[in-house]
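J.: Coordinates only, no sequence provided:
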C-alpha cells in the first residue's frame, strides 16, 4: 500500500494533469474538504470533484513539500493562476489508502507588526 506522502503526491499530480479519474480514485466516497478562510465545505467525492473541475482560470501548481505518517500528511504547494501565485498548505487525513478529509489554508502575505529588535531578517 502507498504511504500517505505518496498518495498526496499522486493527488497533486492528478490535479495538475486534470486527470479527474485518477484524482477521484484517491478520495474516499465521503471525503470532506474545508477552507477556513472562505468558510467553504464540500462533502462527498462527486461534489469535491465538481468543485475542482469547475475551478476558474488556467491554473497550474507545483508541489513544494509533503510530509506525513500512517494516516496524515501535510503538503505545501505553489498555485499559479492568471499571472499570480499563492502558497497553499493542506492537511490530509487518510484511511485505508484513501483521502477522507482535507483542510486547506491559503495564507496571504502581510507586513508583520513593528518590533524593537535587530534579530529579524525580512526576505
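T.: Structure received. Nothing here was measured: the structure is a model prediction, and the numbers come from that model.
J.: And the helices in the protein?
T.: Listed in chain order, the helices of the chain (DSSP state H) span residues 4-17, 20-25, 45-53.
J.: looking at these, which is buried most?
T.: Mean neighbours per residue, mean count of other C-beta atoms under 10 Å, is largest over the helices of the chain for helix 4-17, with a mean of 18. The way it works is simple: take the backbone N, C-alpha and C, and place the C-beta from them, glycine included.
J.: In the sheet, which strands lie alongside the strand ranked longest in the chain, parallel or antiparallel?
T.: Determined from DSSP state E, the single longest strand within the chain is strand 84-95. Taking DSSP bridges as the criterion, strand 84-95 forms sheet pairs with strand 72-81 (antiparallel), strand 98-105 (antiparallel).
J.: residue contacts, the residue nearest the centre of the chain?
T.: Nearest residue to the geometric centre of the chain (C-alpha atoms, centre = their mean): residue 90, 4.0 Å. The contact partners of residue 90, by C-beta atoms under 8 Å, 6 or more residues apart in numbering, come to 8, 74, 75, 77, 102, 103, 104, 105.
J.: just residue 51 next, same as before
T.: 33, 42.
J.: Mind pulling up the pLDDT for it?
T.: The per-residue pLDDT reported for residue 51 equals 95.
J.: Next: the one 5 residues further on.
T.: In the prediction, the pLDDT value recorded for residue 56 is 89.
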